[in-house]
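Novice: Give me the fold of what follows.
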Amino acid sequence: MRYSPIKYGKCFIKITIVILLFSLTQSTHINRILPQEVYIWQKKWVASLKPAIEQTTPYITGWRFLAGEYEPDGQVIYSVISFEWLQQSHLPLTAVFRFDRLRPLPSIDEILSLIQKSSVYQNNHIRNIELDLDWPTAKLNLYIALLKSLREKLPKNIQLNITMIPDWLRSPQFPELSEQVPYLVLQVHSVDNPQTGLFNPKNAIAYIHKMNRLSHHPFYVALPTYGLKIQTSSTGRIYAIEGENNFKSGQFGKELYSDPQQIRKLIQELQQNTPAHLQGIIWFRLPISKDQRNWSKDTWIAMLCHHPLNGKIITQEIPAPNNPGTIQLILVNKGNITLPLPKIVPLRCPTADGFYPYQLTINAHNKYELSLTQQTAPLNTNQQRAIGWMRCN
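Specialist: Coordinates of the predicted model:
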């Protein structure tokens, strides 16, 4: 029904204000601090995970960890977990079972087998289970049927939830799917479109608000901390993805990484105007000291604690020890956030050269500089990188 402001005058204005305020309170919360949980993705736990867990525990409300995975060739891999490290945190635990997107869709028997044969299910009695399965949008009806059957076959004390991709939101079957689980985990990062990067903040906020409109059930949003290197064909098809497992692809490929400042801006927007059904953030994934394509400890703690993010890369000039008169050029990250390499590094001497990915160039003002030829992995806090040399005669 439409109301005319001319006919109803001030009454209409008052009603409109009340309706708008009601709608706002039903769809958003103002200035809400979002709880944070963290996902541990390693299949084999290493010693450096323990201090990372201990340092992170005070700032979060729960842990998720990869418990088992179906790989593309059908092989089942169960994670080797130091479970006592998680137990010492005294936080809620969720076991994640992942199905590689390159393998055929799993049957209910395969899913049950993966869960029930895992040590976390048999020995550690984890009762919060999450399925990480990028089911095709066109076949969500099959996923709905599968989840209904799973609920019947799993013990009643098991809480089963799922991750989801934004493309599901365009399916008319999505509302019914959301009814099958207590909550969903919306992943707003992907490598499907390298041109937009690993994380696009405008797309992410649109997906979150659309999710809030379409489903009346609780949901979490998964946000990335890590980076990837991708290899694409001449047609743009991705044929290789390199994370912490280095495939020795050399200088080729494109680096995608999660910009801490973009992520912080999104979180601030969500906390100032929180969608009513959004329960919190799940960080994908826990950074550890040995990671090459993940946030540093400084960035990680600053993000968790809502501390200011300060970025600063400087160029240090260091005399070459074995080459008198030659000056080494070193980039150093003095801030507390991971930053991309600068595109231009000015030089004060004409005799110089750059190391990959920099090369010597002359700008429009006839000034020498080192120019970035290809964006490689970003520079983490307290990291340094040699980018070239110069001689000042």
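Novice: Give me the neighbour count for residue 109.
Specialist: Residues lying near residue 109 (other C-beta atoms under 10 Å) number 9. Bear in mind the C-beta positions are built from the backbone N, C-alpha and C, glycine included.
Novice: Relative to residue 144, how far out is it?
Specialist: Taking C-beta to C-beta, to the nearest Å as the criterion, residue 109 is separated from residue 144 by 18 Å.
Novice: Kindly report the same for residue 370.
Specialist: Look at residue 370 and residue 144: by C-beta to C-beta, they are 56 Å apart.
Novice: got it, and residue 320?
Specialist: Counting by C-beta to C-beta, the gap from residue 320 to residue 144 is 65 Å.
Novice: The two: which has the busier surroundings?
Specialist: residue 144 (18 against 12).
Novice: Residue ranges in the stretch 201-350 of the chain under the pLDDT threshold?
Specialist: For the stretch 201-350 of the chain, residues meeting the criterion pLDDT under 70 lie at 230-252.
Novice: repeat that for 80
Specialist: In the predicted model of the stretch 201-350 of the chain, residues 228-255, 292 satisfy pLDDT under 80.
Novice: ok, which stretches of it are strands?
Specialist: 219-224, 228-232, 238-242, 254-256, 273-275, 278-284, 313-319, 326-333, 344-346 (DSSP state E, counting those that start in this stretch).
Novice: Tell me which of the ones you listed sits nearest to residue 65.
Specialist: Smallest distance to residue 65 across these (C-beta to C-beta): 11.8 Å, for strand 278-284.
Novice: Neighbouring strands - and their directions - for the closest one?
Specialist: Sheet pairing for strand 278-284, assigned by DSSP bridges, gives strand 36-40 (parallel), strand 219-224 (parallel).
Novice: who's in contact with that strand?
Specialist: 34-39, 41, 61, 64, 183, 185, 187, 189, 208, 212, 218-226, 267, 270 (C-beta atoms under 8 Å, 6 or more residues apart in numbering).
Novice: And the protein, what are its domain boundaries?
Specialist: Under automatic domain parsing, the residue ranges defining each domain of the chain are 31-304, 313-391.
Novice: Now for residue 208, how many residues are close by?
Specialist: For residue 208, the neighbour count with other C-beta under 10 Å is 21.
Novice: Could you number the chain from 32 rather than 1 from now on?
Specialist: Sure, I'll start counting at 32 from here, so that last one is residue 239.
Novice: which ones are touching residue 92?
Specialist: The contact partners of residue 92, taken as C-beta under 8 Å, 6+ apart, are 66, 67, 68, 122, 123, 311.
Novice: and which of those residues is nearest to residue 421?
Specialist: For the contacts of residue 92, the nearest to residue 421 is residue 67 (45.2 Å; C-beta to C-beta).
Novice: so who does the closest one touch?
Specialist: Applying C-beta under 8 Å, 6+ apart, the residues contacting residue 67 are 90, 91, 92, 311, 312, 313, 314, 335.
Novice: Look up how far residue 331 lies from it.
Specialist: Taking C-beta to C-beta, one finds residue 67 at 11 Å from residue 331.
Novice: so what's in contact with these two at the same time?
Specialist: With C-beta under 8 Å, 6+ apart, residue 67 and residue 331 have no common neighbours.
Novice: got JSON lines for the strands of the stretch 232-381 of the chain, with distance to residue 189 too?
Specialist: Shown next, in JSON lines, are the strands of the stretch 232-381 of the chain (distance: least, C-beta to C-beta, whole Å):
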{"stretch": "strand 250-255", "distance to residue 189": "19"}
{"stretch": "strand 259-263", "distance to residue 189": "33"}
{"stretch": "strand 269-273", "distance to residue 189": "32"}
{"stretch": "strand 285-287", "distance to residue 189": "35"}
{"stretch": "strand 304-306", "distance to residue 189": "28"}
{"stretch": "strand 309-315", "distance to residue 189": "19"}
{"stretch": "strand 344-350", "distance to residue 189": "48"}
{"stretch": "strand 357-364", "distance to residue 189": "45"}
{"stretch": "strand 375-377", "distance to residue 189": "56"}
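Novice: Pull the contacting residues for the residue nearest the centre of the chain.
Specialist: Centroid check for the chain by C-alpha atoms, centre = their mean gives residue 255 as the closest residue, at 1.1 Å. Going by C-beta under 8 Å, 6+ apart, residue 255 touches 220, 229, 230, 289, 294, 315, 316.
Novice: Tell me, what's the model's pLDDT at the residue nearest to residue 163 when sequence neighbours are not counted?
Specialist: Distances taken as C-beta to C-beta, 6 or more residues apart in numbering put residue 129 closest to residue 163, at 4.2 Å, once the chain neighbours are dropped. Predicted confidence (pLDDT) for residue 129: 94.
Novice: Which element, helix or strand, includes residue 129?
Specialist: strand 124-130 (DSSP states H and E).
Novice: Which helix or strand lies directly C-terminal to that strand?
Specialist: Moving toward the C-terminus from strand 124-130, the next helix or strand (DSSP H and E) is helix 139-147.
Novice: Show me what that following helix is packed against.
Specialist: Using 3 or more C-beta pairs under 8 Å, 6 or more residues apart in numbering; DSSP states H and E, the elements in contact with helix 139-147 are strand 93-101, strand 124-130, helix 171-184.
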